[in-house]
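> Sharing a model prediction with you, sequence too.
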Amino acid sequence: MRGGFLGVAVATGAAAVFTLLLNAAVFRGSTTPDQAAAFNLFWYGALIVSFGVFLPLEQVVSRAATEGRLRGAAVVRPALVLVVVAVAGVLLASPLLGRDAATRAWVVTALVALAAVSALQYAARGLALGRSRLGAYAGALAADAGLRGLAALATTVVVFRPPGWLFAVFVVSSALVAHAALLLVVRRGGRRAGPAEELHDFGDLGLAREHRGPGAAPSSRTMTRAVLTLLGASVAGQLLLNAGPIAVGLEGSEAVLAAYGAAFTLARAPLFVVVPAQAVLVPPLTRMVAEGRLHELRVRMAQFSAAVVVVAAVGAVAGALLSGLAMELFTKGKYEVPAGLMALMVGGCLVHAGLVVGTQALVAIGKERAVLTCWVAGLVVAAAWIAVVQLGLGVGASWGVAGGFTAGSAAAWLLSVLVLVQSPQGATSGSR
C-alpha cells in the first residue's frame, strides 16, 4: 500500500509540472492578453466545477467500493445530481465569466462540457481507490495533466496566437480520455486484495444508515445523500481557492487578470500536488484513529501546524525575492507583479495547503460538519477582507483578493487546528 501512495505522490508531482506547462504555454506563447485572461476565467471556473462539485463523488464511491459490491446504477443518480448542480452554478455565474458575449459563450459551453466529463472522471477515480488500484489512479492523474500540457505546448509551436478556447478543449478532452481509460482498466481488473481499513473511512456519511449484510451494495439514494453531505464543504473550499482570479477579472483589465492569473498559478504550485491527492491523505489518518491513537494524531497535527507557519513565512520571503525571475521565465516577460503581492500569494497558498491537510484530519475523525464550518468561515473572512480593503480603503483588486484569500485560508486553518486540538479523547468516527 505504501508503494501505491508513493506512486500517487510521484504522479501528482508530474501532474503539477504538466499543469505549469499548460499555463506556461498560454502565458509564454503568442496568445494575446485578452485570450490569456479568457482562459484564466475558464481555468479557475473549471477548478471550482471539477474539484468543488465532484470531489464528494470520488470520496463516496471509494468508500462504497471498499465496503461492499458497488452497483454501477447506484453511482448514476448522485453523478447526475452533481451534474445538475454544476450546470446550474455555471449558468448562474455566467455573467461573471467574461466581459463580452463571445468569451462568455465559449467559457460557459466548456464548463458545461467539463461538468459532464467530471462525473465520469471522479466516479472512475473513486472506483480505483475503492478497489485498491492506486497505480491506475496515479496513472490517470499523470496522463490527464500530461495530455493537456503536451497538447498545449505543441499548439503554441504550430499555431499563431491560439485562442483561449482551444486550450479549454485540451483540458476537457484530456480528462475524458484519461479517465475513460481508467474506468476500463479498473472494471476489467476487478478488485485487488487488500484490507478495507487501509482505504477510506469518511465517518458516517449516510452510507451506514441502511443495514447491509456483508458484500451488499449501497442504494443510489444513500449514495446521493452521502455526496450532498460533503458538497457544501467541497464547493466552499474551491470557491475560497479559485474564485479570486474571477473577482480580479471583474475589477481590472484583461492585462491585470492575465498577470494575476500567471502569478497565482506559480504561487499555488504546491497545491497542484496537495489538492488532487487530498482524498488519499485520509486512510493513514483514519487508521491512527481506528487503532486508538487519537492523541498521537492530535500531537502530529500540532507539529505539522507549527511547520506550516515556518514554511509559509520562508515561502513568502522566497516569493518576494524570486518574483521577478519567476515571472520572466513563466510569461516570457509579458507580465509582472509586485514582489509583495507574490509574497502574499505564496504565503497564502502554503497556509491553504496546511488547511487542506487539517480538514482531511477532521474527516478522518468523523467531523464533517466541522469541515464545512471551517471552509465557510474562510469564505466569510475572505469576503469581509475584500469588502473592507477594496470598497472601504480603495485598495486595488489584485491586492484585495490576494489578501482576502490569505486571510480566509489562515482563519479556516486556525479553526481546523483548534477543533483538532480540542477534540475529546474519546472522539470516534461517529462524533460530530
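Happy to help now that I have it. Numbers count the residues shown, from 1 in each chain.

> Now V419: phi and psi?
phi -60, psi -40 (degrees, to the nearest 10).

> From F170, how far off is it?
40 Å (CB to CB, to the nearest Å). For glycine as for every other residue, the C-beta is placed from the backbone atoms N, C-alpha and C.

> where in the stretch 51-200 of the chain is pLDDT low?
Counting by pLDDT under 70, the ranges of the stretch 51-200 of the chain that qualify are 67-69, 189-200.

> Pull the contacting residues for N40.
245, 249, 257-258, 261 (CB atoms under 8 Å, 6 or more residues apart in numbering).

> if you skip the residues just before and after it, what's nearest to it?
G261 (3.7 Å; CB to CB, 6 or more residues apart in numbering).

> Kindly state the pLDDT recorded for that neighbour?
Each residue has a pLDDT score; the one for G261 is 91.

> can I assume it is in contact with P33?
No. Using CB atoms under 8 Å, G261 is not in contact with P33, being 10.5 Å away.

> what about the two, which has more around it?
Remark: of G261 and P33, G261 carries more neighbours, 27 against 17, as counted by other CB atoms under 10 Å.

> From I48, how far out is the more buried one?
14 Å.

> Heading C-terminal from the biggest helix by length in the chain, find the next helix or strand.
Longest helix in the chain by number of residues (criterion: DSSP state H): helix 294-331. Counting by DSSP states H and E, the next helix or strand C-terminal to helix 294-331 is helix 339-364.

> list the buried ones in that following helix?
Residues of helix 339-364 classed as buried: 341-364 (neighbour count, 16 or more other CB atoms under 10 Å).

> who touches the residue nearest to A267 when sequence neighbours are not counted in this structure?
The shortest distance from A267 to any non-neighbouring residue, by CB to CB, 6+ apart, is to M345 (3.7 Å). By CB under 8 Å, 6+ apart, M345 lies in contact with 263-264, 267-268, 319, 402, 405-406.

> neighbours around the closest residue to K334 other than its chain neighbours, how many?
Leaving aside its sequence neighbours, K334 sits nearest to F27 (CB to CB, 6+ apart; 6.6 Å). Counted with other CB under 10 Å, the neighbours of F27 add up to 23.

> Going forward, the N-terminal residue is numbered 19.
Let's use 19 as the start, then, which means that last one is F45.

> distance of F45 from L284?
Distance, F45 to L284, using CB to CB: 10 Å.

> Ok, S136 next?
Going from S136 to L284 by CB to CB gives 25 Å.

> one step back: which neighbours do F45 and L284 share?
Common contact partners of F45 and L284 (CB under 8 Å, 6+ apart): F348.

> follow-up on the earlier one: quick one: which of S136 and L284 has more around it?
Between S136 and L284, counted using other CB under 10 Å, S136 has the larger neighbour count: 29 against 25.

> Give me the angle between the helix or strand A54 falls within and helix 312-349.
Applying DSSP H and E as the criterion places A54 in helix 51-65. Counting by axes from the mean of the first three to the mean of the last three CA atoms, to 10 degrees, helix 51-65 lies at 160 degrees to helix 312-349.

> Just the CA coordinates for the next helix-or-strand element following helix 51-65, please, in PDB.
Next in sequence after helix 51-65, counting helices and strands by DSSP H and E, comes helix 72-85. C-alpha atoms of helix 72-85 as PDB (Å, rounded to 0.1, in the frame of the first residue of the first chain):
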ATOM      1  CA  PHE A  72     -17.400  16.400  -7.900                       C
ATOM      2  CA  LEU A  73     -14.700  15.600  -5.300                       C
ATOM      3  CA  PRO A  74     -17.500  14.300  -3.000                       C
ATOM      4  CA  LEU A  75     -18.400  11.700  -5.700                       C
ATOM      5  CA  GLU A  76     -14.900  10.300  -5.600                       C
ATOM      6  CA  GLN A  77     -14.900  10.100  -1.800                       C
ATOM      7  CA  VAL A  78     -18.300   8.400  -1.600                       C
ATOM      8  CA  VAL A  79     -17.700   6.000  -4.500                       C
ATOM      9  CA  SER A  80     -14.400   5.000  -3.000                       C
ATOM     10  CA  ARG A  81     -15.900   4.200   0.400                       C
ATOM     11  CA  ALA A  82     -18.800   2.300  -1.100                       C
ATOM     12  CA  ALA A  83     -16.500   0.200  -3.300                       C
ATOM     13  CA  THR A  84     -14.400  -0.500  -0.200                       C
ATOM     14  CA  GLU A  85     -17.300  -1.600   2.000                       C
END
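
> who does helix 72-85 touch, helix- and strand-wise?
helix 90-111, helix 119-148, helix 238-269, helix 296-308 (3 or more CB pairs under 8 Å, 6 or more residues apart in numbering; DSSP states H and E).

> For stretch 45-64, what is the distance to the chain centroid?
Centre-to-centre, stretch 45-64 and its host chain are 19 Å apart (CA atoms, centre = their mean, to the nearest Å).

> list the buried ones in that stretch?
Neighbour-count burial for stretch 45-64 [16+ other CB under 10 Å]: 45-47, 49-64.

> Same check on stretch 319-336?
Buried residues in stretch 319-336, counting neighbours by 16+ other CB under 10 Å, are found at 319, 323, 326, 329-330, 333-334.

> and that stretch, average pLDDT?
The average pLDDT for stretch 319-336 rounds to 92.

> Now P356. Its backbone dihedrals?
phi -60, psi 150.

> What distance do you get for it to W124?
32 Å.

> What of L380?
For L380 relative to W124 (CB to CB), the value is 38 Å.

> And the pLDDT at S341?
The model's pLDDT for S341 equals 94.

> ok, and the closest non-adjacent residue to it?
Leaving aside its chain neighbours, S341 sits nearest to M360 (3.8 Å; criterion: CB to CB, 6+ apart).

> what's near enough to touch the one you found?
Per CB under 8 Å, 6+ apart, neighbours of M360: 281, 284-285, 337-338, 341, 344-345.

> Show me which parts of the helix or strand harbouring V190 are buried, residue by residue.
Counting by DSSP H and E, the element that carries V190 is helix 182-207. Neighbour-count burial for helix 182-207 flags 182-190, 192-197, 199-201, 203-204 (criterion: 16+ other CB under 10 Å).

> other SSEs contacting it?
Using 3+ CB pairs under 8 Å, 6+ apart: helix 182-207 touches helix 20-46, helix 51-65, helix 119-148, helix 152-176.

> Please identify the most buried of these.
Most buried of the helices and strands packed on helix 182-207, by mean neighbour count (mean count of other CB atoms under 10 Å): helix 51-65, with a mean of 24.

> Relative to the whole chain's centre, how far out is that one?
16 Å.

> got the CA coordinates for it in PDB?
Provided in PDB are the C-alpha atoms of helix 51-65 (Å, rounded to 0.1, in the frame of the first residue of the first chain):
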ATOM      1  CA  PRO A  51      -3.600  39.200 -23.100                       C
ATOM      2  CA  ASP A  52      -7.400  39.100 -23.900                       C
ATOM      3  CA  GLN A  53      -7.200  35.400 -24.800                       C
ATOM      4  CA  ALA A  54      -5.000  34.600 -21.800                       C
ATOM      5  CA  ALA A  55      -7.400  36.400 -19.500                       C
ATOM      6  CA  ALA A  56     -10.300  34.500 -21.100                       C
ATOM      7  CA  PHE A  57      -8.600  31.100 -20.500                       C
ATOM      8  CA  ASN A  58      -8.000  32.200 -16.900                       C
ATOM      9  CA  LEU A  59     -11.700  32.600 -16.400                       C
ATOM     10  CA  PHE A  60     -12.300  29.100 -17.700                       C
ATOM     11  CA  TRP A  61      -9.400  27.600 -15.800                       C
ATOM     12  CA  TYR A  62     -10.400  28.800 -12.400                       C
ATOM     13  CA  GLY A  63     -14.000  28.100 -13.100                       C
ATOM     14  CA  ALA A  64     -13.100  24.600 -14.100                       C
ATOM     15  CA  LEU A  65     -11.300  24.000 -10.800                       C
END
